[in-house]
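**Student:** Got a sequence here, can you build the structure:
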Amino acid sequence: MKCQRFLSIPVFSVFLLMGIIYYVTLFIFIEDWIGLQSSAGTLNALIFTWMASLCLFSFSVCVLTDPGQVPSSYVPDVEGNDVPDQESQNNSSQLRQCDKCCTYKPPRAHHCRICRRCVLRMDHHCLWINNCVGYWNYKAFFILVLYATVTSIYSLVIIISCVFQKNWDFGGRIPLKIFYVFSGVLMVALSGTLGTLLGWHIYLITHNMTTIEYYEGIRAAWLARKSGQSYRHPFDLSVYKNITMVLGPSMLKWLCPTAVSHLKDGMHYPTSHDS
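**Tutor:** Got it, this is the predicted structure:
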C-alpha cells in the first residue's frame, strides 16, 4: 500500500514541522503583528494558509506517487543502431544491465539500494518523502521545494515585520525574546536550505540532468579531457525544451504537481544527437 509510506519517522517529522510553522506563524506572529481580526491580518492568514496547503498537497503527491519502475519485460531496441561507436557511447543508449535486478535498464534508469529496484530517470532517494525521486514524481518534488521555499520566506518576513514593530525593552520577558530569536534563526536556516535546494534543481532542470547524471558527467568530462575530446550531456537540448520535458508544454500547468500528462513511458528520451 502506498499509504504505508506515510508510516515513517522522517515523513511524520515533516508533517510536524509544517504544523508547528503554520500554527506559530498564524496564531503568534500574525496575531502579534497586526491581529488576525484585522483585514490585513485576515488577508495574510489566508495567503499563508493557501501556500501551506499547496506545500502539504505537493508533499503528499511526492510520497504517494510511484517514481516509475522498469517493466520486467523491457528489452532495449538495438536494431538499426548504425551510428558510430563514439556517438553510441555519448548517447547513453547502449545495453545497460542491472547486476542486482538481473534485467536490462533503459537510459537514465538506476538501481536504488533502499527501494531494491531500478527506478526510471532516478534523481535520488529522498528520506523525507520515504520514496525515490524519479520520472513520475520529479515534477511534484520540484514544485514542493518551490512552494516550501516561498512559504518559508513568507513566514520569515512576517517574523521580521513583527519584531520591528514591537517596542522591545531589555527588562523582563526574556523567554519571549528567546522564542523570537529561535524562530527567526530556524526560518533563516530553513529558507536558506530550501532556497539552495531550489537553485540546484533549477540548474538540473535547465540542463536536463538528474543529480546522478551530474556526478556521472563530472567523471565523463574528465575522461573526455584526458583523451582530448569535449563532453556534452547527451540529453541537454535547449533551456526551454529541457524545462518543458519536466514541467510540461503548458505554462498554466507548470505549478500543478499532478499535471503530468506530457510524460510518456520513461524509457525513451530525445537526445542532442537526434536533433
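**Student:** Nearest residue to R117 in space, please, no chain neighbours.
**Tutor:** Excluding the flanking residues, the one nearest R117 by C-beta to C-beta, 6 or more residues apart in numbering is Q69, at 5.9 Å. (C-beta placed from N, C-alpha, C; glycine too.)
**Student:** can you check G134 too?
**Tutor:** P67 is the one closest to G134 (C-beta to C-beta, 6+ apart), at 2.7 Å.
**Student:** Make sure that neighbour is actually in contact with L120.
**Tutor:** Yes - counting by C-beta atoms under 8 Å, P67 touches L120, with 6.8 Å between them.
**Student:** who touches both of the two?
**Tutor:** Jointly contacting P67 and L120 under the rule C-beta atoms under 8 Å, 6 or more residues apart in numbering are 134-136.
**Student:** Take the residues you listed and lay them out in a markdown table including distance to A259 and pLDDT.
**Tutor:** Output for the shared contacts of P67 and L120, formatted as a markdown table (distance: C-beta to C-beta, whole Å; pLDDT from 0 to 100):
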| residue | distance to A259 | pLDDT |
| --- | --- | --- |
| G134 | 17 | 97 |
| Y135 | 15 | 97 |
| W136 | 12 | 97 |
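**Student:** Report the buried members of the residues you listed.
**Tutor:** 134-136 (16 or more other C-beta atoms under 10 Å).
**Student:** K139: neighbouring residues, count only.
**Tutor:** Look at K139: counted by other C-beta atoms under 10 Å, it has 28 neighbours.
**Student:** likewise R96?
**Tutor:** Using other C-beta under 10 Å, R96 has 15 neighbouring residues.
**Student:** for the nearest residue to it once chain neighbours are set aside, phi and psi?
**Tutor:** Among residues not flanking R96 along the chain, K105 sits closest, at 4.4 Å (C-beta to C-beta, 6+ apart). Backbone dihedrals for K105, given as degrees, to the nearest 10, come out at phi -110, psi 130.
**Student:** pLDDT of stretch 69-81, averaged?
**Tutor:** For stretch 69-81, mean pLDDT rounds to 75.
**Student:** which of the residues in the host helix or strand of I212 are buried?
**Tutor:** According to DSSP states H and E, I212 maps onto helix 211-226. Buried residues in helix 211-226, counted by 16+ other C-beta under 10 Å: 213, 217, 220.
**Student:** can you put those in CSV and add distance to S272 and pLDDT?
**Tutor:** Formatted as CSV, the buried residues of helix 211-226 follow (distance: C-beta to C-beta, whole Å; pLDDT from 0 to 100):
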residue, distance to S272, pLDDT
E213, 14, 95
G217, 13, 92
A220, 14, 90
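**Student:** Now do K2, the pLDDT please.
**Tutor:** Here the pLDDT value assigned to K2 is 76.
**Student:** Give me the neighbour count for the residue nearest to R117.
**Tutor:** By the criterion of other C-beta under 10 Å, Q69 has 18 neighbours.
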